[in-house]
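**Student:** Need coordinates for the following:
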Amino acid sequence: MKTVRVGLIGSGFATAVHLQSYKRIYGVNVELAAVATTNEKRDEFARKNGIARAVRDYRELLRDKDIDVVDLCTPPALHASMVVDAVQAGKHVICEKPFTGYFGHPGDPTPIGKKVAKKDMYERTLAEMQHTCEAVRASGKIFMYAENWVYAPAVTKMAEVVAATKDKILFMRGDESHSGSHAAHAAHWNQTGGGSLIRQGCHPLATMLYLKQVEARARGEKISIVSVLADTGNVMDCLRPDERTYIPAKPVDVEDWGTLTVTFSDGTKATLFACDVLLGGVRDFVEALTNGGTMTANISRNTHLLSYMTDEEKLKDIYVTEKVDRKTGWQYVCVDEQWSRGYLQEMQDFMECVATSRQPMAGLDLAFDTIRASYAAYWSAEAGCRVKL
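**Tutor:** Now for the predicted structure:
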């Protein structure tokens, strides 16, 4: 099998997660050819992670004829333009979530999350996505959407059951909630494209859309989204500063609470919830109710290892799980986060796609539909009505 040469763009959290997965790829020869980052310590970063060279300008990777695929681990505001640049330069693309969003236009009043109409955001984001998708399809290059939930073992088993039984998924419920991001940019719409509903909610939303497409293929049907009904809010606004001790989220013009319900063309429903006010670690799951049974995929809060420990100091070098403020007491311990959350399987699929010229499980249509539904949700929440697609 051919060697796949990867160029990484970015050196933050997502890059670190991807790098761990690249090290465990099997059956495909993967070479980390280069990284492009504005990080002043980029040469040190490259050496530490076994990357052949480091550059500042990502366009150098696009001009490198030996690089097969670029992995976009950049802020979402950069995704759309970088995707177009990459495919037009002849590169396959891995794009982190969310695919894109609304980050402001010249002349917008600020802060845009409070001043720009969500209907306008929806229409402008949709137009940009259509332009991006057209560029990808015209290039003939593979677009791989880094939605790790689709690849989580619990979800892939759900998909296997749905495909085998051909049962109808009548209702799904999904959730990703935690105590909020420590990153300063997460507080601002012009940098993240929204709050908890898109930053966390995109995971369960994309997964539920994916499962409905698995069902549609199994049953020989066509299923699409027909409407979205949503609500968002800032439930922490009622707190005094001294009451925010354990919740790091400090939203400026994004929501810290959101819910949306999707209605599909077959009359079935899917509801997701996402917030930045949940203490005790990450809660992330998808539940499916079918005419033949019930399935629940617990992504992080599974029982591979439950612990009850009493000495915080002795655990200082032990990783337990994400978003917990202590390691003592009862904990859901992540025994292999790369595997249980689907990061490893995601990169395995992507490298095989590039090597064999096939399409990924999570691709362009899923990325498009997830963002379209998310922005329809923002429009619905602001307007206080159902939005038909």
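**Student:** Regarding the protein, what is its longest helix?
**Tutor:** When secondary structure is assigned using DSSP state H, the longest helix within the chain turns out to be helix 118-139.
**Student:** so what does that one touch, helix or strand wise?
**Tutor:** helix 79-88, helix 364-383 (3 or more C-beta pairs under 8 Å, 6 or more residues apart in numbering; DSSP states H and E). C-beta coordinates here come from the backbone N, C-alpha and C atoms, glycine included.
**Student:** Any regions of the stretch 1-150 of the chain where pLDDT drops low?
**Tutor:** Scanning the stretch 1-150 of the chain with the threshold set as pLDDT under 70 gives 1.
**Student:** all strands in it, in order from the N-terminus.
**Tutor:** Counting by DSSP state E, counting those that start in this stretch, one finds strands in the stretch 1-150 of the chain at the ranges 3-9, 29-36, 53-55, 69-72, 92-96, 143-146.
**Student:** cool, the stretch 151-300 of the chain as well?
**Tutor:** Ranges of strands in the stretch 151-300 of the chain, per DSSP E, counting those that start in this stretch, are 169-177, 225-233, 257-264, 269-275, 283-290, 293-298.
**Student:** Turn those strands into TSV, columns for mean neighbour count.
**Tutor:** Conversion of the strands of the stretch 151-300 of the chain to TSV gives the following (neighbours: other C-beta atoms under 10 Å):
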stretch	mean neighbour count
strand 169-177	21
strand 225-233	19
strand 257-264	22
strand 269-275	24
strand 283-290	22
strand 293-298	15
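**Student:** Which of the ones you listed sits closest to residue 337?
**Tutor:** The stretch from those with the least distance to residue 337 (C-beta to C-beta) is strand 283-290; that distance is 11.9 Å.
**Student:** Residues contacting the closest one, please?
**Tutor:** Strand 283-290 has contacts (C-beta atoms under 8 Å, 6 or more residues apart in numbering) with 149, 155, 158, 162, 165, 167-178, 203-204, 207-208, 211, 294-301.
**Student:** picking up where we left off before, reformat the strands of the stretch 151-300 of the chain into a markdown table and put mean pLDDT and distance to residue 355 next to each item.
**Tutor:** Formatted as a markdown table, the entries for the strands of the stretch 151-300 of the chain read as follows, by pLDDT from 0 to 100; distance: least, C-beta to C-beta, whole Å:
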| stretch | mean pLDDT | distance to residue 355 |
| --- | --- | --- |
| strand 169-177 | 98 | 31 |
| strand 225-233 | 98 | 33 |
| strand 257-264 | 98 | 34 |
| strand 269-275 | 98 | 34 |
| strand 283-290 | 98 | 30 |
| strand 293-298 | 98 | 29 |
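**Student:** what would the ones you listed look like in JSON lines with distance to residue 333?
**Tutor:** Below are the strands of the stretch 151-300 of the chain laid out as JSON lines (distance: least, C-beta to C-beta, whole Å):
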{"stretch": "strand 169-177", "distance to residue 333": "19"}
{"stretch": "strand 225-233", "distance to residue 333": "33"}
{"stretch": "strand 257-264", "distance to residue 333": "28"}
{"stretch": "strand 269-275", "distance to residue 333": "23"}
{"stretch": "strand 283-290", "distance to residue 333": "15"}
{"stretch": "strand 293-298", "distance to residue 333": "13"}
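**Student:** For residue 108, which of the ones you listed is the nearest?
**Tutor:** Within the strands of the stretch 151-300 of the chain, the stretch nearest residue 108 is strand 225-233; the backing value is 19.4 Å (C-beta to C-beta).
**Student:** Sheet partners, orientation included, of the closest one?
**Tutor:** Under the criterion DSSP bridges, strand 225-233 sits next to strand 257-264 (antiparallel), strand 387-388 (antiparallel) in its sheet.
**Student:** Please state the offset of the last one from the chain centre?
**Tutor:** What it means is strand 387-388. Shown here is strand 387-388, whose average C-alpha point lies 24 Å from the average C-alpha point of the whole chain (C-alpha atoms, centre = their mean, to the nearest Å).
**Student:** mean confidence score for it?
**Tutor:** This predicted structure assigns strand 387-388 an average pLDDT of 98.
**Student:** Identify all contacting residues around that strand.
**Tutor:** Contact with strand 387-388 is made by 122, 226-229, 376-377, 379-380, as judged by C-beta under 8 Å, 6+ apart.
**Student:** switch the cut-off to 6 Å
**Tutor:** Identification of contacts with strand 387-388 by C-beta atoms under 6 Å, 6 or more residues apart in numbering yields 227-228, 376, 379-380.
**Student:** before we move on, back to that, so which of the strands of the stretch 151-300 of the chain is nearest residue 129?
**Tutor:** Nearest to residue 129 among the strands of the stretch 151-300 of the chain is strand 225-233 (14.3 Å), distances taken as C-beta to C-beta.
**Student:** For the closest one, output the C-alpha coordinates as PDB.
**Tutor:** As requested, the backbone C-alpha atoms of strand 225-233 are provided in PDB (Å, rounded to 0.1, in the frame of the first residue of the first chain):
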ATOM      1  CA  ILE A 225     -34.200  16.900   7.600                       C
ATOM      2  CA  VAL A 226     -37.500  18.800   7.100                       C
ATOM      3  CA  SER A 227     -37.500  21.200  10.100                       C
ATOM      4  CA  VAL A 228     -35.700  22.300  13.300                       C
ATOM      5  CA  LEU A 229     -37.100  23.700  16.600                       C
ATOM      6  CA  ALA A 230     -34.700  25.000  19.100                       C
ATOM      7  CA  ASP A 231     -34.100  27.100  22.300                       C
ATOM      8  CA  THR A 232     -30.900  28.600  23.600                       C
ATOM      9  CA  GLY A 233     -30.000  30.700  26.600                       C
END
